[in-house]
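[1] Below is the sequence, then the predicted model.
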Amino acid sequence: MEVQGDIRGDRVRCDHTRAWSALQAHFGQAGRTFDVRDAFAADPGRYAAFSQEAPHVFADLSRNRVDGATEALLFALARECGLEAYRDAMFAGAQVNSTEQRAVLHHLLRNPAVAQEGQAQGASEFIANAERDVEATRSAMLAYAESVRADAQITDIVSIGIGGSGLGPAMVVAALEDIGTPGKRVHFVSNVDGMELGTVLRGLRPQNTLFLVASKTFTTAETMVNAHAAREWFLSLGGSTEADAPLPLARHFAALTTNIEAARAFGITTTFGFWDWVGGRFSLWSAIGLPIAIAIGAEAFGALLAGAHAMDQHFRHAPLERNLPVRLGLLDVWYRNFHGFTSRCIAPYSHGLRRLSAYLQQLEMESNGKGVDWQGRALPYATSPVVWGEPGTNGQHAFFQMIHQGHDVIPVEFIVLRRGGRDLPGHHPRLVANALAQAQALMTGRHCDDGHRHFSGNRPSSVLLLEQLDPASLGALIALYEHRVFVSGMLWGINSFDQWGVELGKQLATNIEPRLASGDVAGLDGATAGLLQRLRAGPVR
């Protein structure tokens, strides 16, 4: 299959545009001293102008430090950088992952009718073939998920993966636990610390457990350490590699991988693959989502895909001025490169979204935490902010003190549900009231002569409102964040789809591990050598 080609020569980096210079001047004249409270006082229509509908998501951006003039310049920046053409090239299958010479087509994974749509739109042969592969793999994966759901003997599913193979599915399963399958518990293991896998295994019986090993290459170091430990546990408790044994390994292990031979050597015969145009942090829609499908069922998994697909269509076709991923991505550039805000807080007022900030940390910081552009040139400006957070109302009793009264200005993203979950519905109005109050307090502040009780206000925030935490809304929310990252990364002139920064430390670990046993410190820096010797010397007192 031949990819459509790459478009590296068509990109314009944001700081090489006229709009960038105009934004610098505008920031110096008006942006630096912008006060949201004054903006509301001067413009009764501000809320309407800076809020909008998108599929399954309503966004209120009115409390941010932007006005019509700022957004107009940001839209001009997007057009001068060629955002629309670059977006269209991604959807067409161009090699927008330029350093690895790969297309970026995770959006195909959530098209509920990919083959028909591709043919109707006259897709390229590459896209049409990819669509057929997606359809076949999804059908097989969902059929297997339904068979597991119907198997009363299997009560526990242990998904072993790391990074995107773990964070995405774990976040979604937690978010949709209200519709989880009764009698099925889904566990996620990613850390190479044996305590994590050991804690999970303590409560399990091999005859009731299904292990899913998620590694595209079946060589990911942390995943394979845990997979082999799970295999040893299974075999030590009566499991067997023989197919006709009472407790066969092949029935209790499946792999989400393209390395079928390595999986077979491990003893696994049930495998589901995916493609090199699916990045790990964008893979929950693929076979990597098997634990999701087992937890919520094929129909709900389809709704998750449909919600994401609706947001894809919005990003692909809405004009920039009413395109929510574009507006959010431009806001990120405005805050990071002009206001100098170094982080963004994610505050979901939903227990179901308790793993969202961890997922978004990888999605955004692994994608856009780069110091060189797509041509390898050092960037003269910062890129990804630090993304972090905690569900409300827990965060109010932890870090909100700093957000309200600390020196650093930290934009906050509140995620609010109009309808809560199935349990204790009387709690939900109080939860929503807290979210709205925090956003109000950040903006309005409070004047007090006692400095300890003074709140400066003019602290920016956004509110993303969902009807409820169901598969379609969650799918749309995740896709919204994916496209937002694409927008800001494109403007910064970086490749948002590689992750070379994860490699060096892992490579060095393979050199250090045998030294912990041998004591050999030759060639190590002084600090590493000293710590290695201290670890071998005896108890830490």
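    In hand now; what should we look at?
[2] List phi and psi for Cys14.
    Backbone torsions for Cys14, taken as degrees, to the nearest 10, come to phi -60, psi -40.
[3] for the nearest residue in space to it that is not next to it in sequence, helix, strand, or coil?
    Closest residue to Cys14 apart from its sequence neighbours, by C-beta to C-beta, 6 or more residues apart in numbering: Leu491 at 4.6 Å. (C-beta placed from N, C-alpha, C; glycine too.) With DSSP: H, G, I helix; E, B strand; the rest coil as the basis, Leu491 sits in helix.
[4] Against Ser357, how distant is Leu491?
    Distance, Leu491 to Ser357, by C-beta to C-beta, to the nearest Å: 24 Å.
[5] Now do the end-to-end distance for stretch 200-218.
    22 Å (C-alpha to C-alpha, to the nearest Å).
[6] Now that stretch: buried residues?
    200-201, 204, 206-207, 209-216, 218 (16 or more other C-beta atoms under 10 Å).
[7] Return the distance of that stretch from the chain's centre.
    Here stretch 200-218 is found 24 Å from its chain centre; the criterion is C-alpha atoms, centre = their mean, to the nearest Å.
[8] which element follows the helix or strand bottoming out on mean pLDDT in the chain toward the C-terminus?
    Ranked by mean pLDDT, DSSP states H and E, the helix or strand of the chain with the weakest confidence is helix 114-120, at a mean of 45. The helix or strand immediately downstream of helix 114-120 is helix 125-150, counting by DSSP states H and E.
[9] other SSEs contacting the following helix or strand past that next one?
    Elements were assigned by DSSP H and E; along the chain past helix 125-150, the next helix or strand is strand 156-160. Contacts defined by 3 or more C-beta pairs under 8 Å, 6 or more residues apart in numbering; DSSP states H and E place strand 156-160 against helix 164-175, strand 185-189, strand 209-214, helix 221-236, helix 290-296.
[10] Show me how far the longest one is from its chain's centre.
    Between the centre of helix 221-236 and the centre of its chain there are 27 Å (C-alpha atoms, centre = their mean).
[11] buried set for whichever helix or strand comes after it?
    Downstream of helix 221-236, the first helix or strand assigned by DSSP H and E is helix 249-252. Within helix 249-252, the residues that count as buried by 16+ other C-beta under 10 Å are Leu249, Ala250, Arg251, His252.
[12] Tell me the confidence at the third one?
    The one in question is Arg251. Note on Arg251: pLDDT of 97.
[13] Ala243 versus that one, what's the distance?
    Applying C-beta to C-beta to Arg251 and Ala243 gives a distance of 9 Å.
[14] where does this protein have low pLDDT?
    Residue ranges of the chain with pLDDT under 70: 1-10, 113-123.
[15] And this structure, what are its domain boundaries?
    What automatic domain parsing lists as the domains of the chain is 8-94+318-498, 144-296, 501-537.
[16] want to try TSV for the ones you listed, with distance to Asn111 as columns?
    Putting those into TSV (distance: least, C-beta to C-beta, whole Å) gives the following:
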stretch	distance to Asn111
domain 8-94+318-498	11
domain 144-296	10
domain 501-537	29
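[17] So which of the ones you listed is nearest Glu100?
    domain 8-94+318-498 (5.6 Å; C-beta to C-beta).
[18] from the chain's centre, how far out does the closest one sit?
    Centroid separation for domain 8-94+318-498 versus its chain: 15 Å, with C-alpha atoms, centre = their mean.
[19] try stretch 170-182
    Worked out by C-alpha atoms, centre = their mean, stretch 170-182 lies 17 Å from the chain centre.
[20] List the buried residues of it.
    Under the neighbour-count criterion of 16+ other C-beta under 10 Å, stretch 170-182 has Ala170, Met171, Val172, Val173, Ala174, Ala175, Leu176, Gly180, Thr181 buried.
[21] Tell me the spacing between Gly352 and Ala529.
    Following C-beta to C-beta, the distance that separates Gly352 from Ala529 is 47 Å.
[22] Can you pick out the residue with more neighbours from those two?
    Neighbour totals were compared for Gly352 and Ala529, and Gly352 leads with 21 against 15 (other C-beta atoms under 10 Å).
[23] for the more buried one, what are its contacts?
    Listed by C-beta atoms under 8 Å, 6 or more residues apart in numbering, the contact set of Gly352 reads Ala174, Ala175, Leu176, Glu177, Asp178, Gly421, Leu469.
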